[in-house]
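Novice: Predicted model and sequence below, questions to follow.
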Amino acid sequence: MPEAGFGTAAAATDLLLEARESIDSLLGDWAEHLQFELGGRNGQALAYALRTPGKRVRAALLLGAYRSLGGTSSGIAGVAAAIETVHAYSLVHDDLPCMDNDDLRRGRPTAHRVFDVPTATRVGFLLVPVAAWLLAVAARDLGLTESALGQMAVELFEAGGIEGMVGGQWLDLEAEGRTLSLQELMQVHRGKTGALIRAACRLGAMAARGATPQLEALTSYGEDVGLAFQIADDVLDATGTSEELGKPAGRDAELSKSTYVALMGIDGARAEAQRLAHRAVTHLECAGVPADALSALAGYIVSRTS
Ligand code: GRG
């Protein structure tokens, strides 16, 4: 439930529900199609990865950003599905033995446990062109120009690359067993988790053909909620149960990872996440971007229990 001071609770729950329903349905259709096209074990594994149900926070942020700038087309779901597919690839690879070596994800056995490591590795890579296809189809449905599609593709795949998610994950892996400074930790979090969340907000704004000040406000909102999201994730890893999280709890301590909890304690980390979520909303208010749903989502991000 979103917290007091963060907009109407129903605005976040409605958006998350809509995101979950539309993305699960769209990715379910793609899973069926690609399982048939690819065939065999690879096809089954790709469909498994596409069908694993997440909270769809990135999709909800993208829908919220799009609507906040007046977007109305249902075609936006395809853009949201594209970013969720890049996120799904990152989870499949993050769980591999060469990275976090986890058995459970989204309440289900990880892809490499159900299939095997080479298959899960392949499937992770295959999800990237699937995301590109989803984006291209969505851009057509939204009536966007080729130039706009090109800009959105750069946005999505740069956020997923060395300057963003891959770079952040790389730094995170290299830092295992070492204590990072707060500045270094922020760099890891901004890349590993923040970059895709920032991109979700920017893609929603770009699809709505937002003006530069609105795009900038949504970018700043995305940067702050992106960091807040990962801080909340650190807190949940330290305080939640594996059942609540749908993945093994307490892994950060097991892997000797630097986290906000390690640096600031649980209360300090919670307070920092709250501060960032509030600041995120002020960026929208200052630019006159209608903030109710995005404010409620910011509140949800720092008060979620899974
Ligand atoms: C080759 C170095 C290298 C990297 C490959 C694996 C990878 C790319 C990146 C990992 C990025 C990653 C897993 C970041 C963690 C982000 C995070 C907090 C995930 C959990 O997000 P939720 O809670 O998950 O939104 P659901 O399941 O709800 O979608």
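Specialist: That came through fine. Numbers count the residues shown, from 1 in each chain.
Novice: rest of the way, CA atoms for contacts and neighbours
Specialist: OK.
Novice: what sits against residue 10?
Specialist: Counting by CA atoms under 8 Å, 6 or more residues apart in numbering, residue 10 touches no other residue.
Novice: Kindly report the same for residue 109.
Specialist: By CA under 8 Å, 6+ apart, the contact set of residue 109 is residue 103.
Novice: Tell me the confidence at the residue nearest the centre of the chain?
Specialist: For the chain, the residue nearest the mean C-alpha position is residue 58 (4.3 Å; CA atoms, centre = their mean). Note for residue 58: predicted pLDDT of 98.
Novice: okay but it is in contact with residue 197, surely?
Specialist: Yes - using CA atoms under 8 Å, residue 58 is in contact with residue 197, at 5.9 Å.
Novice: circling back: what's the helix or strand for the residue nearest to the centre of the chain?
Specialist: For residue 58, the enclosing helix or strand under DSSP states H and E is helix 57-68.
Novice: What is the helix or strand following that helix packed up against?
Specialist: Following helix 57-68 in sequence order, the next helix or strand is helix 76-94 (DSSP H and E). Counting contacts by 3 or more CA pairs under 8 Å, 6 or more residues apart in numbering; DSSP states H and E, helix 76-94 packs against helix 9-38, helix 40-51, helix 57-68, helix 117-141, helix 195-207.
Novice: if we go to 7 Å?
Specialist: Contact here means 3 or more CA pairs under 7 Å, 6 or more residues apart in numbering; DSSP states H and E; on that basis helix 76-94 packs against helix 9-38, helix 57-68, helix 117-141.
Novice: Highest mean neighbour count out of these?
Specialist: Across the helices and strands packed on helix 76-94, averaging neighbours per residue (mean count of other CA atoms under 10 Å) puts helix 57-68 on top, at a mean of 27.
Novice: Report the angle between that helix and helix 195-207.
Specialist: Calculated by axes from the mean of the first three to the mean of the last three CA atoms, to 10 degrees, helix 57-68 forms an angle of 30 degrees with helix 195-207.
Novice: Use 59 as the first number from now on
Specialist: Renumbered: residue one is now 59, and that last one reads helix 115-126.
Novice: Pull helix 115-126 out as CSV, backbone CA atoms only.
Specialist: Output in CSV follows, covering the C-alpha atoms of helix 115-126 (Å, rounded to 0.1, in the frame of the first residue of the first chain):
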residue,chain,number,x,y,z
VAL,A,115,6.8,-1.7,-11.5
ARG,A,116,8.8,-0.5,-14.5
ALA,A,117,5.8,-1.0,-16.7
ALA,A,118,3.6,0.9,-14.2
LEU,A,119,6.1,3.8,-14.1
LEU,A,120,6.1,3.9,-17.9
LEU,A,121,2.3,3.9,-18.1
GLY,A,122,2.2,6.5,-15.4
ALA,A,123,4.7,8.8,-17.1
TYR,A,124,2.9,8.4,-20.5
ARG,A,125,-0.5,9.2,-19.0
SER,A,126,0.8,12.1,-16.9
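Novice: So which elements touch it?
Specialist: Using 3+ CA pairs under 7 Å, 6+ apart as the contact test, the elements touching helix 115-126 are helix 67-96, helix 134-152, helix 253-265, helix 350-361.
Novice: For the ligand, see how far away the closest residue to residue 121 other than its chain neighbours is.
Specialist: The shortest distance from residue 121 to any non-neighbouring residue, by CA to CA, 6 or more residues apart in numbering, is to residue 262 (6.2 Å). As judged by CA to the nearest ligand atom, to the nearest Å, residue 262 and the ligand stand 17 Å apart.
Novice: How about the contacts made by residue 262?
Specialist: Residue 262 makes contacts with 120-121, 123-124, as judged by CA atoms under 7 Å, 6 or more residues apart in numbering.
Novice: Over to residue 81?
Specialist: With contacts defined as CA under 7 Å, 6+ apart, residue 81 is in contact with 135, 139.
Novice: Quick one: name the residues of the stretch 209-358 of the chain near the ligand.
Specialist: 223-224, 227-228, 250-251, 288, 291 (CA under 6 Å from any ligand atom).
Novice: Now the buried members of these.
Specialist: Buried members of those, scored by 16 or more other CA atoms under 10 Å, are 223-224, 227-228, 250-251, 288, 291.
Novice: quick one: the residue of the chain most remote from its centre from the ligand, how far?
Specialist: Within the chain, the residue lying farthest from the chain centre (CA atoms, centre = their mean) is residue 98, at 29.3 Å. Note on residue 98: its distance to the ligand, by CA to the nearest ligand atom, is 25 Å.
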